[in-house]
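In: The following comprises the amino acid sequence and a computationally predicted model.
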Amino acid sequence: MPVTVDGENVKLAVITYRPPGPGPFPTLIFHHGSTGRGTDPALFGRPYNPQIQAEWFMARGWAVVAPSRRGRGGSEGFYDEGFALDRSSGYTCETPLSLAGADRALRDVDAITSLILAQPFVDRSHIAVAGQSRGGILAVAWSGRQPTIPRAVINFVGGWVGSRCPTASAVNQALFNRGAPYGRPMIWLYGDKDPFYPLSHSRANFAAFQSAGGRGAFHEYAPGEGLNGHQIGSAPSLWGVTLEAYLTAQGLPTRAP
């Protein structure tokens, strides 16, 4: 999809899932995360395909759109979401650079969302936003700046910098707290033994979000065999019932028509 962001004309790659029929469909916009520590440029161009979550939603009559931000997953432009000054060191722990990278990502989200909402198969009155890891915290923060658009916000193991950074709590809480103006309940889904965001860290982020006026529920799960806590998005058996109840409470469908 062609967008203009920061005065630059680029095309952003998008993966789209649609159920049978002409629509319009309730639509989930799903945002991707980082590339681990950001030290392997070979990973930057690899698309993130949230296939398991997309199929879960599509089975319930939803379309799912997963855009890639600048420089990621086949999108044009430069990937610059909070790197150290020496890019070979990967993502930075320095608060100003890290937050500037998040702001850049949010501008990409702004640009692509307006195009997604204009698609004829999208029911603009039934929109949800979600994301994995960095995509999860972006979904939360973006909803605070566009509170009238999404009816639901789903955060899968979200965070911007991992707990290895001494600034992790300050950076992550600053971004999560931007979601407080959304004003309606969100759902946060986290797993034990997450190598980036231990449950103690994520619980503290949620408490700070609530203290800032944010509303929602925090759910935690023990990952199944072969998974760590950062991978629970690929296990709907853990969170499916809870997510159905949340969507129903927001007046959104959980059964295909």
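Out: The structure has been received and is ready for your questions.

In: what's next to the lengthiest helix in the chain, contact-wise?
Out: Identified as the longest helix of the chain according to DSSP state H is helix 95-117. For helix 95-117, contacts defined as CB atoms under 8 Å, 6 or more residues apart in numbering pick out 1, 3-6, 12, 14, 27, 29, 31, 65, 67, 69-70, 80-85, 91-92, 122, 124, 127, 134, 137-138, 141-142, 145-146, 149, 160-161, 167, 170-171, 174-175. Placement of C-beta: from N, CA and C, glycine included.

In: ok, the very next helix or strand once past that helix: who's next to it in the sheet?
Out: Using DSSP states H and E, the helix or strand that follows helix 95-117 in sequence is strand 122-132. Strand pairing for strand 122-132, using DSSP bridges, gives strand 25-31 (parallel), strand 152-156 (parallel).

In: Which SSE is immediately downstream of strand 122-132?
Out: helix 134-145.

In: Please report how far the residue most central in space within the chain lies from residue 256.
Out: Taking CA atoms, centre = their mean as the criterion, residue 131 is the residue nearest the geometric centre of the chain, at 2.0 Å. According to CB to CB, to the nearest Å, residue 131 stands 24 Å off from residue 256.

In: Kindly report the same for residue 120.
Out: Counting by CB to CB, the gap from residue 120 to residue 256 is 20 Å.

In: more neighbours, those two?
Out: Higher neighbour count among residue 120 and residue 256: residue 256, with 13 against 7, using other CB atoms under 10 Å.

In: these two touch, right, the more buried one and residue 19?
Out: Yes: at 6.7 Å, residue 256 counts as touching residue 19 under the criterion of CB atoms under 8 Å.

In: hey, what's in contact with both of the two?
Out: Joint contacts of residue 256 and residue 19 (CB under 8 Å, 6+ apart) are residue 61.

In: thinking again about what came up before, which one is the residue nearest to the centre of the chain nearest to, not counting chain neighbours?
Out: Nearest residue to residue 131, sequence neighbours excluded (CB to CB, 6 or more residues apart in numbering): residue 31, at 3.5 Å.
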